[in-house]
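Novice: just coords:
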Ligand code: LMR
């Protein structure tokens, strides 16, 4: 047995964490995985999470998640994305399931897509989170790509993106990042989102949003949901994967949500029953504890307000580190243009460093990032920012 099994290729993001852990240098910095750290480089447990934990302690949650609890999480998540007074909640034109974080939500949707639209493809932006490719491939949905990032401007390749949307066959499925695009940190403007939404309507495309960073781009939850709300105003039936890993610091709890809008409540009920059947065959039901934490925070006005403040603290620290890194590179006299560091938003900066330069950063400076030059800004601190700027300057000056 098992002679035929060779080692799998390394994951481009998780392999960075492994290499970082194996490095014994005191200088080492991990800018690989997108996980928030405070200015001391430490993981953060939010105050609102601690308060929610105290509130639910003693709750009996050893049974698997009741349908009512899952429904509540979906409704809370939908309100977060579409607004607390959204008509879709009043009219019950949504459905969904608690999912195993954003990854699980994407996978559940990919399975659903293949089951009901077996001839369809998924269009992914170039580039996108590397795992999006794995997820749709594993669900046996063929992947096509659309233009997104322009390496010269280090910004959005809007004209090519619009062409790809226009040229895709009618009724295509597209994956979109509504804010803090991973890995580039490049988001369309509000006006550009309106044009994209309009073109989706013209072509009857289906928008599937993967939102893992709501609040972490601008510090404002409503503002970071604007793209999805524009699509909703335009009457799209939207699919949405949400993760609470980063925005509530619940990484290990795997709390997420897959929601899908429907034309009416009857359709919503049918979609939910199909999703339940798919989930039942893949993993049964998701863990309960994290979901109770999320619902407790979102359902308590004081805890929700505290959470909003804490999201803003995280977003503001990242924004400050962008400015500090930019300033430091300028002070060092780098003749390259680093404006994209502050123009891009969210947890990631797509630095433009080449794979060779990234290698050199590891070898000479013990600085780790993915080989596409993506920097997790969450790993940058007041203490390490000048060391990082100096290292980037050294590998990019010739
Ligand atoms: C990332 O892009 O680093 C995060 O989404 C974490 C992950 O699981 O890849």
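Specialist: Arrived safely. Quantities reported herein were computed from a predicted structural model and do not represent experimental measurements.
Novice: Excluding chain neighbours, what is closest to residue 203?
Specialist: Nearest residue to residue 203 in three dimensions, chain neighbours excluded: residue 170, at 5.4 Å (Cβ to Cβ, 6 or more residues apart in numbering). Quick note: C-beta positions are derived from backbone N, CA and C, even for glycine.
Novice: next one: phi and psi at that neighbour?
Specialist: Note on residue 170: its backbone torsions stand at phi -50, psi 150 [degrees, to the nearest 10].
Novice: pretty sure it is touching residue 201, no?
Specialist: No: contact criterion Cβ atoms under 8 Å: residue 170 and residue 201 do not qualify, at 11.3 Å.
Novice: and the two? which has more neighbours close in?
Specialist: Ranked by neighbour count (other Cβ atoms under 10 Å), residue 170 and residue 201 place residue 201 first, with 14 against 8.
Novice: check contacts around the more buried one.
Specialist: By Cβ atoms under 8 Å, 6 or more residues apart in numbering, residue 201 lies in contact with 234-236.
Novice: Would you agree it falls within a helix?
Specialist: Yes: under DSSP: H, G, I helix; E, B strand; the rest coil, residue 201 sits within a helix.
Novice: So for it, what pLDDT did the model give?
Specialist: On pLDDT, residue 201 comes in at 97.
Novice: Against residue 82, how distant is it?
Specialist: Distance, residue 201 to residue 82, using Cβ to Cβ, to the nearest Å: 18 Å.
Novice: Point out the residues in the stretch 51-200 of the chain that sit beside the ligand.
Specialist: Counting by Cβ under 6 Å from any ligand atom, the positions of the stretch 51-200 of the chain adjacent to the ligand are 129, 131, 182.
Novice: so the first one sits right up against residue 183, yeah?
Specialist: Yes: in this structure, residue 129 is within contact of residue 183 by Cβ under 8 Å, at 6.8 Å.
Novice: Show me what residue of the stretch 151-300 of the chain gets nearest to the ligand.
Specialist: residue 182 (5.2 Å; Cβ to the nearest ligand atom).
Novice: Residues in a beta bridge with residue 123, which ones?
Specialist: residue 144, residue 174 (DSSP bridges).
Novice: That one and residue 232, how far apart?
Specialist: Relative to residue 232, and taking Cβ to Cβ, residue 123 is found at 20 Å.
Novice: Would you convert the contacts of residue 201 into TSV that also reports neighbour count and pLDDT?
Specialist: Compiled in TSV, these are given as follows (neighbours: other Cβ atoms under 10 Å; pLDDT from 0 to 100):
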residue	neighbour count	pLDDT
234	16	97
235	9	95
236	18	97
